[in-house]
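Visitor: here you go, sequence then predicted model.
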Number of protein chains: 2
Amino acid sequence: MVEFKSANDFRLRGGKYFMPCISIDCVIFGFHDSQLKVLLLTIANFGGYGLPAGFIYKEEHIDTSAKRILCERTGLQDIFLQQFYIFGDPHRCDENITKTVFEKEQIKAPQNNWLLQRFLTIGYYALVDFEKVNATPDYFSESCEWHDINHLPPLAMDHNEIIQKALFTLRTHLRYEPVGYNLLPPKFTMPELQSLYETILDQKLDRRNFQRKMLSYGILKRLKEQRKGVAHKAPYLYSFDLRKYHKALDEGFQSAW
Amino acid sequence: MVEFKSANDFRLRGGKYFMPCISIDCVIFGFHDSQLKVLLLTIANFGGYGLPAGFIYKEEHIDTSAKRILCERTGLQDIFLQQFYIFGDPHRCDENITKTVFEKEQIKAPQNNWLLQRFLTIGYYALVDFEKVNATPDYFSESCEWHDINHLPPLAMDHNEIIQKALFTLRTHLRYEPVGYNLLPPKFTMPELQSLYETILDQKLDRRNFQRKMLSYGILKRLKEQRKGVAHKAPYLYSFDLRKYHKALDEGFQSAW
């Protein structure tokens, strides 16, 4: 790991240590209490919002880079990140963050500065319980905050497009991968699981179809206990069968056919 | 477009024109008559098989690069390619094709030759009717042939892994995107569509469930005509509703919930 004195030291000298022309952007969705949010940074001396982003050390696996970047930029650790897309428009960096900061701070960088080139960026996303997260900004950022997915501010570069693509991917992943572990309590009811799906999909689902589909995936264990203190018919409690849950994460749901 | 005199001229001088450290690999699945195959090149002076691959011009959109590469390497045009993954193991290029060819041909290249660096590669895949394709190799390749997906030879670098990931992606895409246009005749029966799915998934499907699911997607039009010349009950003919088909390609199937 290389130490830099400041964000600008990083911007001026980082090219020696990182792969050229390729970055990583992290879309962190936060779920809690039937709300879906996304984690944004305000970038120091830039005057705007952006995704937690960073670069790949010359000897580093890209998945390791994504985890490290997220931790460095936000303090978040041990998060299950998935790559979802690579953004490759040749003009996506025409007005990039480094260029803007250099102009504002009147820093004269050489034209071949590594950050003033065209970059492709690899999008990674994760879904976490935002109440369990204590996000803290680093020296690139003035703040690190959750924003409602339906009321996002304008973001740097193509970051709005990156979030929309991540949301689309998360919604399609719901169809063939399990979601919910770490977001729901260890024991939950079918309506609680349905509420998670409805929030992510931003649509109401049919109760019977949802239950039939979820049970067909084979990742749920119905417990003997029922939810107590409920007036009428007490709902069954479920928990995830973690062995089957992780198998389905690797292989996708097999029962869908 | 830049002209090169030979494959080795490309390997020695190409770094001036292409983005560094990032390549594209194309996995072209061919379907015909209930068989699934993949298109492989034999690489000249390398002594082995590889995927059609190439690089991104400094001003080029990556999707344009993928189409161009496929056309240059195989003669295939107008193919609907989808990116599916970026491969980022730091050691995936330790024994790369250029290194092997330079050693065999005793070409002395500078250590900082652009192709002797670590590369990430973006995987793109397509599914085509292999009977409609007249694949022809270019100057990098001795031949360009279809291979049965279940009997692949060992491939260069991580290309076997890239194919497996593409196949996994194709199978999951079947669950939320339409497949079949250009692979089936304009009018087809439900059993013909099911055969396509069974071949890709490499498993038998339940006839009723399959029909119910396919109809629920809303991309099929049942025609008034029935298949003629069939002994017993003549099966209905269907065609794709192309407007809905392309909408579903963009947005995913909405009816899945």
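Guide: Right, received. Where do you want to start?
Visitor: now stretch A:107-127 - C-alpha only, PDB.
Guide: The C-alpha trace of stretch A:107-127 is given here as PDB (Å, rounded to 0.1, in the frame of the first residue of the first chain):
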ATOM      1  CA  ILE A 107      -2.500  23.200 -10.200                       C
ATOM      2  CA  LYS A 108      -0.400  22.800 -13.400                       C
ATOM      3  CA  ALA A 109      -0.200  19.100 -14.200                       C
ATOM      4  CA  PRO A 110       1.500  17.700 -17.200                       C
ATOM      5  CA  GLN A 111      -0.900  16.900 -20.100                       C
ATOM      6  CA  ASN A 112       0.100  13.300 -19.800                       C
ATOM      7  CA  ASN A 113      -1.000  13.200 -16.100                       C
ATOM      8  CA  TRP A 114      -2.500   9.700 -15.600                       C
ATOM      9  CA  LEU A 115      -5.800  11.000 -14.400                       C
ATOM     10  CA  LEU A 116      -6.300  13.400 -17.400                       C
ATOM     11  CA  GLN A 117      -6.600  10.400 -19.800                       C
ATOM     12  CA  ARG A 118      -9.600   8.500 -20.900                       C
ATOM     13  CA  PHE A 119     -10.700   6.000 -18.300                       C
ATOM     14  CA  LEU A 120     -13.000   2.900 -18.500                       C
ATOM     15  CA  THR A 121     -14.600   2.200 -15.200                       C
ATOM     16  CA  ILE A 122     -15.800  -1.100 -13.700                       C
ATOM     17  CA  GLY A 123     -19.000  -0.800 -11.700                       C
ATOM     18  CA  TYR A 124     -19.400  -2.800  -8.500                       C
ATOM     19  CA  TYR A 125     -22.500  -2.900  -6.400                       C
ATOM     20  CA  ALA A 126     -23.500  -4.100  -2.900                       C
ATOM     21  CA  LEU A 127     -26.700  -4.100  -0.800                       C
END
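Visitor: so where do the strands sit in the stretch 51-200 of chain A?
Guide: A:53-57, A:82-87, A:120-129, A:141-148 (DSSP state E, counting those that start in this stretch).
Visitor: show me what the shortest one is packed against.
Guide: Yep, that's strand A:53-57 we're talking about. Applying 3 or more CB pairs under 8 Å, 6 or more residues apart in numbering or on different chains; DSSP states H and E, we find strand A:53-57 packed against strand A:18-32, helix A:62-74. Heads up, the C-betas are built off the backbone N, CA and C, glycines and all.
Visitor: tell me the helix or strand right after the longest one.
Guide: Moving toward the C-terminus from strand A:18-32, the next helix or strand (DSSP states H and E) is strand A:35-43.
Visitor: now the strands of the stretch 51-200 of chain A in a markdown table, with distance to A:Gln203, mean neighbour count and mean pLDDT?
Guide: Shown next, in a markdown table, are these (distance: least, CB to CB, whole Å; neighbours: other CB atoms under 10 Å in any protein chain shown; pLDDT from 0 to 100):
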| stretch | distance to A:Gln203 | mean neighbour count | mean pLDDT |
| --- | --- | --- | --- |
| strand A:53-57 | 30 | 22 | 96 |
| strand A:82-87 | 21 | 19 | 97 |
| strand A:120-129 | 17 | 22 | 95 |
| strand A:141-148 | 17 | 16 | 92 |
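Visitor: mind listing what A:Phe102 touches?
Guide: A:Phe102 makes contact with A:11, A:108-109 under the criterion CB atoms under 8 Å, 6 or more residues apart in numbering or on different chains.
Visitor: same check on A:Phe29?
Guide: By CB under 8 Å, 6+ apart, the residues touching A:Phe29 are A:36-38, A:125-128, A:149, A:166-167, A:170.
Visitor: can we see that at 7 Å?
Guide: Applying CB atoms under 7 Å, 6 or more residues apart in numbering or on different chains, we find A:Phe29 in contact with A:36, A:38, A:125-127, A:170.
Visitor: from the helices and strands packed on strand A:53-57, which stretch is densest packed?
Guide: Stretch with highest mean neighbour count among the helices and strands packed on strand A:53-57: strand A:18-32 (a mean of 22; mean count of other CB atoms under 10 Å in any protein chain shown).
Visitor: figure out how far it is from the centre of its chain.
Guide: Its chain's C-alpha centre and that of strand A:18-32 lie 8 Å apart, by CA atoms, centre = their mean, to the nearest Å.
Visitor: quick one, that strand and strand B:120-129 angle?
Guide: Per axes from the mean of the first three to the mean of the last three CA atoms, to 10 degrees, the angle that strand A:18-32 makes with strand B:120-129 is 70 degrees.
Visitor: partner strands of strand A:18-32, with direction?
Guide: With DSSP bridges as the test, strand A:18-32 is paired with strand A:35-43 (antiparallel), strand A:53-57 (antiparallel), strand A:120-129 (parallel).
Visitor: who touches the last one?
Guide: Looking back up the chat, that one is strand A:120-129. Here strand A:120-129 makes contact (CB under 7 Å, 6+ apart) with A:21-32, A:62, A:66, A:79-88, A:162, A:165-166, A:169-170, A:179, A:182-183, B:22, B:62, B:86.
Visitor: surely A:Pro90 meets A:Phe119?
Guide: No. A:Pro90 sits out of contact with A:Phe119 when judged by CB atoms under 7 Å, with a separation of 10.3 Å.
Visitor: looking at the two, which has the bigger crowd around it?
Guide: Comparing A:Pro90 with A:Phe119 by other CB atoms under 10 Å in any protein chain shown, the one with more neighbours is A:Phe119, at 21 against 17.
Visitor: ok, now how distant is that one from A:Leu12?
Guide: Plainly put, A:Phe119 is 17 Å away from A:Leu12 if you go by CB to CB, to the nearest Å.
Visitor: do A:Ser216 as well
Guide: The spacing between A:Ser216 and A:Leu12, counted by CB to CB, is 56 Å.
Visitor: before we move on, what about A:Phe210?
Guide: Applying CB to CB to A:Phe210 and A:Leu12 gives a distance of 53 Å.
Visitor: and if you look at A:Phe140?
Guide: Taking CB to CB, one finds A:Phe140 at 14 Å from A:Leu12.
Visitor: over to A:Glu105?
Guide: Applying CB to CB, the value for A:Glu105 to A:Leu12 is 12 Å.
Visitor: could you check which of the two is surrounded by more residues?
Guide: Neighbour comparison, A:Glu105 and A:Leu12: the larger count goes to A:Leu12, with 18 against 10 (by other CB under 10 Å).
Visitor: so what touches the one helix or strand the more buried one maps to?
Guide: Using DSSP H and E, A:Leu12 sits within helix A:7-13. With contact meaning CB under 7 Å, 6+ apart, helix A:7-13 is reached by A:4, A:44, A:98, A:107, A:109, A:115, A:139-140.
Visitor: so where do the helices sit in the stretch 51-200 of chain A?
Guide: For the stretch 51-200 of chain A, applying DSSP state H, counting those that start in this stretch gives helices covering A:62-74, A:97-104, A:159-173, A:190-201.
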